[in-house]
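**Q** predicted model follows, preceded by the sequence.
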Amino acid sequence: MFQTAPIEAASQSELTSQIAARLHTALTTHLQQAYAPDQRKNLRLFSATETADLLGVTGQFLRKCHSDGSLPEPEVIKNGRRFYSGEEILQARHFLEASSRKAGKYLPGRREGDKLQVIQLMNFKGGSAKSTSAIHLCHYLALNGYRVLAIDLDPQGSLTGFCGIQTELEFEGASIYDALRYEDPVPMSEAVVETYFPSLHLAPARLVLSEFETETAVNAGRGVAFFEKLSLAIQSVEGDYDVVVIDSPPALGFLTLTGLYAATSVIVPMTPSMLDLASTQQFVEMTSAYLGVIEDTGVKLDHDFFSFLITRDDPSDIPSQQIVSLMRALFQDRVVGATGLRSTAIGDASMLKMSIYEVARSEMTRSTYDRAKNSMDAVGAEIAGMLQQAWGR
């Protein structure tokens, strides 16, 4: 039962303390009702049609594989209809890849000699759909056969929440901060946890991650090179992944910069408005200045791509479309061709800390769901194509 009595306090600190306590109680109650008792999310089952689409095969081919024994039957069959878990889809990819004449058809990730791809999503403008874009990219890549590591560099932990770890419920495990801290850092492998999404692991964030900013300011005066800390941590686990997706905080601080140094590619999500365009201009200008400082130390930064992603796009809004057209005219192929649409389906899913991929089509108005999913599929496919291009394919 939530408290509804007026808050009375003798001092401002007591007032804020009571507000924080009341919010904590409300959040805890909501999350305990929304998730299982152990606070772990589960990935829904996928229909045979969805599974065939994900694998890039026809339903007839999938049925043939089951009938001839080249693919095991899924565990769940209802009324003669097959439903697949995420793990079963991943196993199917491995089975099909082993017999495929074309390498990478079902498992499109790294091959021998390919470098790990590290994508940082960054912008210091709140409301740019940065974390929403990050989780949709992670889920798209994982469902399409890539081994993905998500790194949450935002102390607020939005990406961590999307991945099923509720820091509001006193999550006590190791976090990315433990791998980055200056005193007694833990190996990166100890800061990485599995998620309920097959092929997606997470280096979660907790509020203590904000201490990295203060600690770096202190250690910078001692000549400690902060910017390579995340890069070194990633290097210790890079053999386990094809792609790393970094969600940075909405600020151009030390956390964002250490992510920028580790990144092989950068995506700047932005909503198509004049205020966001002006904010992004300032952000990129400041980024350039900070990169110059890093490069003055003799370090050469070379990103495979530095691209803008239009988010919360409304094709019926004429002023916003003028901004989209301006961005495309200014930067041509540095603006991702696909856009993340403004959608109630994505907004409703985000309220439950879910991506559109976790929602069954039957749970929403089908046209709304299809429009939202097609939008995120197009963004994911284009970025996946950029990764393949970086690998020379």
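**A** Right, received. Where do you want to start? Numbering: from 1, shown residues only.

**Q** buried residues in the strand or helix carrying residue 54?
**A** Using DSSP states H and E, residue 54 sits in helix 48-55. Neighbour-count burial for helix 48-55 flags 48, 50, 51, 52, 54, 55 (criterion: 16 or more other C-beta atoms under 10 Å). Backbone N, C-alpha and C define where each C-beta goes, glycine included.

**Q** and of those residues, the nearest to residue 303?
**A** Distance to residue 303 across the buried residues of helix 48-55 (C-beta to C-beta) is lowest for residue 54, with 29.4 Å.

**Q** and that closest one, how far from residue 359?
**A** Going from residue 54 to residue 359 by C-beta to C-beta, to the nearest Å gives 15 Å.

**Q** check residue 96 too.
**A** Between residue 96 and residue 359 the computed distance is 26 Å (C-beta to C-beta).

**Q** what bits of this structure have low per-residue confidence?
**A** Within the chain, the segments meeting pLDDT under 70 span 1-5, 7-14, 16, 20, 24, 26-40, 167-171, 221, 223-224.

**Q** let's see it at 50
**A** The chain contains residues with pLDDT under 50 at 1, 37.

**Q** so where do the strands sit in it?
**A** 46-47, 76-78, 81-84, 117-121, 148-152, 193-194, 200-203, 243-247, 265-270, 305-310 (DSSP state E).

**Q** got those strands as a markdown table, with distance to residue 339 and mean neighbour count columns?
**A** A markdown table is the format used below for the strands of the chain (distance: least, C-beta to C-beta, whole Å; neighbours: other C-beta atoms under 10 Å):
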| stretch | distance to residue 339 | mean neighbour count |
| --- | --- | --- |
| strand 46-47 | 25 | 19 |
| strand 76-78 | 35 | 10 |
| strand 81-84 | 30 | 18 |
| strand 117-121 | 15 | 26 |
| strand 148-152 | 22 | 27 |
| strand 193-194 | 32 | 14 |
| strand 200-203 | 24 | 26 |
| strand 243-247 | 19 | 28 |
| strand 265-270 | 10 | 23 |
| strand 305-310 | 4 | 20 |
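
**Q** residue 6: which of those strands is closest?
**A** Here strand 148-152 is closest among these (C-beta to C-beta), at 36.5 Å.

**Q** hmm, who's touching that closest one?
**A** The contact list for strand 148-152 (C-beta atoms under 8 Å, 6 or more residues apart in numbering) reads 134-135, 138, 141-142, 158-160, 163, 176, 192, 195, 199-205, 230, 234, 237, 240-247, 259.

**Q** same check on stretch 343-362?
**A** Against stretch 343-362 from outside (C-beta under 8 Å, 6+ apart): 34, 41, 43-44, 132, 135-136, 139-140, 143, 161-162, 164, 340, 364-365, 368-373, 375-376.

**Q** do the same with stretch 59-69
**A** 48, 49, 51, 52, 55, 71, 72, 73, 82, 92, 95, 96.

**Q** if you set the cut-off to 7 Å instead, what comes out?
**A** 48, 49, 51, 52, 71, 73 (C-beta atoms under 7 Å, 6 or more residues apart in numbering).

**Q** from the residues you listed, which two are the most distant?
**A** Every pair of the contacts of stretch 59-69 checked by C-beta to C-beta; the farthest is 49 and 73, at 16.6 Å.

**Q** would you list every one of the helices in the stretch 101-250 of the chain?
**A** Taking DSSP state H, counting those that start in this stretch to define them, one finds helices in the stretch 101-250 of the chain at 130-143, 158-162, 176-180, 188-191, 211-220, 229-235.

**Q** now distance to residue 66 and mean neighbour count too, for those, in TSV please.
**A** Shown next, in TSV, are the helices of the stretch 101-250 of the chain (distance: least, C-beta to C-beta, whole Å; neighbours: other C-beta under 10 Å):
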stretch	distance to residue 66	mean neighbour count
helix 130-143	20	26
helix 158-162	33	26
helix 176-180	41	24
helix 188-191	37	18
helix 211-220	50	15
helix 229-235	39	20
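
**Q** residue 253: which of those helices is closest?
**A** Residue 253 lies closest to helix 211-220 among these, at 5.3 Å (C-beta to C-beta).

**Q** what separates residue 248 from residue 331, distance-wise?
**A** 21 Å.

**Q** between these two, which is the more surrounded one?
**A** Between residue 248 and residue 331, residue 248 has the larger neighbour count (other C-beta atoms under 10 Å), namely 28 against 12.

**Q** hmm, that one is touching residue 257, no?
**A** No - judged on C-beta atoms under 7 Å, residue 248 makes no contact with residue 257 at a distance of 9.0 Å.

**Q** specify the angle between the longest helix along the chain and strand 305-310 in degrees.
**A** Longest helix in the chain, counting residues (DSSP state H): helix 366-390. Between helix 366-390 and strand 305-310, the angle comes out at 170 degrees (axes from the mean of the first three to the mean of the last three C-alpha atoms, to 10 degrees).

**Q** what does helix 366-390 contact?
**A** Residues contacting helix 366-390 (C-beta under 7 Å, 6+ apart): 117, 136-137, 140-141, 144, 243, 304-305, 309, 336-341, 343-346, 356, 361.

**Q** try 6 Å
**A** 117, 136-137, 140, 304-305, 336-338, 340-341, 343, 345-346, 356, 361 (C-beta atoms under 6 Å, 6 or more residues apart in numbering).

**Q** for residue 161, see how far away residue 213 is.
**A** Distance from residue 213 to residue 161, by C-beta to C-beta: 21 Å.

**Q** same deal with residue 328?
**A** Taking C-beta to C-beta, one finds residue 328 at 33 Å from residue 161.

**Q** same check, this time on residue 118
**A** Applying C-beta to C-beta to residue 118 and residue 161 gives a distance of 22 Å.

**Q** swap in residue 43?
**A** Distance from residue 43 to residue 161, by C-beta to C-beta: 16 Å.

**Q** hmm, back to that, need the contacts of stretch 59-69 in JSON lines (columns: distance to residue 108).
**A** Formatted as JSON lines, these follow (distance: C-beta to C-beta, whole Å):
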{"residue": "48", "distance to residue 108": "22"}
{"residue": "49", "distance to residue 108": "21"}
{"residue": "51", "distance to residue 108": "17"}
{"residue": "52", "distance to residue 108": "17"}
{"residue": "71", "distance to residue 108": "19"}
{"residue": "73", "distance to residue 108": "25"}
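
**Q** thanks a lot, catch you later.
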